[in-house]
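*Asks:* Sequence and computational prediction follow.
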Amino acid sequence: MILAGFVLLAIGATDLVRQFVPRRWIGYVVAAAVVLLLGIGGDALLPALLGLGAGALWAWSMPDEGPSRAGFWPAVALAALSIGAVVWGGSRNAAGLIGELWTLRSPFGEVPFDLAVLALGAGVFLLESANLVVRAALDGEHTWRPAEVAEPVPSVVASAPTDQPAADAPAVGVIPADPRHGFKGGRLIGPLERVLVMILTLAAAYPVLAAMLAAKGIVRFPEISRDGETGARAEYFLVGSLVSWVIGLGAAFLVWWAAHS
């Protein structure tokens, strides 16, 4: 259990640093120091070191820009490692100095240190790392991307005013770029959606979860209905949403199994 927690925490922290910290080396040092301190204090230095190694390997194989070097396989390997560490690894009887001082109660009972690290790691992974997994799945299936397809523009024959320089005249048949074009709302919507899926699943709020997932489909229906005969938008929506939901449900499964093991 503790190994899966440190691996997910290190990978999630690595991707957060790559996305939001301008000077990455400072963020990497801070994240590594936090993971090592938790490992030393929790008598889990080896899992912490393995987690840092997994984070470095993940950063190499899953770059934040461009396609994945190993396709979807890093995500598959991570899933297998996490499930194996939780299902067959179990929990420890002692958690070092932090374990002796650790006290955390919840509505579901007392939360051990190892379980808290696993839940924290899973939550951090859902924020940014899961976006890379979804992108790798879309790239692997060669799924259409909205930003990569230009909308057809009818040819418009127009001449620039005589008092306007030719260099400033808009090109024939070209519409000025919409400022909303390329808006990466999915990078925010996706993490929020996955965290809600994880929380609602652990809370057994299945009707609320089903309503939330159905609402997303209803909101996206007008956009999908404009597909015509290609079905590209529907495929993009389904692949991205299903992979995102599976990741959120998988994180909830890991935490639930660890809590009841």
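*Replies:* The structure has been received and is ready for your questions.

*Asks:* For the least confident helix or strand in the chain by mean pLDDT, which strands pair with it and how are they oriented?
*Replies:* The weakest-scoring helix or strand in the chain, judged by mean pLDDT, DSSP states H and E, is strand 105-106 (a mean of 74). Partner strands and pairing direction for strand 105-106 (DSSP bridges) are strand 109-110 (antiparallel).

*Asks:* Contacts made by the partner strand with the rest, please.
*Replies:* Applying C-beta atoms under 8 Å, 6 or more residues apart in numbering, the external contacts of strand 109-110 come out as 103, 104. From N, CA and C alone the C-beta is placed, and that goes for glycine too.

*Asks:* Now that strand: average pLDDT?
*Replies:* Strand 109-110 comes out with an average pLDDT of 76.

*Asks:* Show the subsequent helix or strand relative to that strand.
*Replies:* Going down the chain from strand 109-110, the next helix or strand is helix 113-127, by DSSP states H and E.

*Asks:* After that next one, which helix or strand is next? Please name it.
*Replies:* Beyond helix 113-127 on the C-terminal side, the first helix or strand identified by DSSP H and E is helix 129-140.

*Asks:* can you pull the buried residues of that following helix?
*Replies:* 129, 130, 131, 132, 133, 134, 135, 136, 137, 138 (16 or more other C-beta atoms under 10 Å).

*Asks:* can you tell me how far the last one sits from residue 40?
*Replies:* Summarising the geometry, the distance separating residue 138 from residue 40, computed by C-beta to C-beta, to the nearest Å, is 39 Å.

*Asks:* try the third one
*Replies:* Here the distance between residue 131 and residue 40 works out to 31 Å (C-beta to C-beta).

*Asks:* now the fourth one
*Replies:* For residue 132, the distance to residue 40 equals 29 Å [C-beta to C-beta].

*Asks:* Now residue 253: which helix or strand?
*Replies:* Per DSSP H and E: residue 253 is located in helix 232-260.

*Asks:* what angle sits between that helix and helix 129-140?
*Replies:* 140 degrees (axes from the mean of the first three to the mean of the last three C-alpha atoms, to 10 degrees).

*Asks:* Determine the set of other helices and strands touching helix 232-260.
*Replies:* If contacts are counted by 3 or more C-beta pairs under 8 Å, 6 or more residues apart in numbering; DSSP states H and E, helix 232-260 sits against helix 73-87, helix 113-127, helix 129-140, helix 186-202, helix 206-224.

*Asks:* Buried residues in it, which are they?
*Replies:* By 16+ other C-beta under 10 Å, the buried positions in helix 232-260 come out as 232-237, 239-241, 243-248, 250-255, 258-259.

*Asks:* what bits of the protein have low per-residue confidence?
*Replies:* 108, 141-187, 221, 223-231 (pLDDT under 70).

*Asks:* burial count for residue 204?
*Replies:* 10 (other C-beta atoms under 10 Å).

*Asks:* so it sits in a strand?
*Replies:* No - using DSSP: H, G, I helix; E, B strand; the rest coil, the assignment for residue 204 is coil, not a strand.

*Asks:* Off-centre distance for stretch 35-50?
*Replies:* 24 Å (C-alpha atoms, centre = their mean, to the nearest Å).

*Asks:* Make 164 the first number, not 1, from now on.
*Replies:* New numbering, starting at 164: the last item is stretch 198-213.

*Asks:* Please give me every residue in contact with residue 257.
*Replies:* Contacts of residue 257 by C-beta under 8 Å, 6+ apart are 206, 263.

*Asks:* what's the spacing between residue 219 and residue 176?
*Replies:* For residue 219, the distance to residue 176 - C-beta to C-beta - is 12 Å.

*Asks:* typo on my end, it should be residue 269
*Replies:* Counting by C-beta to C-beta, the gap from residue 269 to residue 176 is 23 Å.
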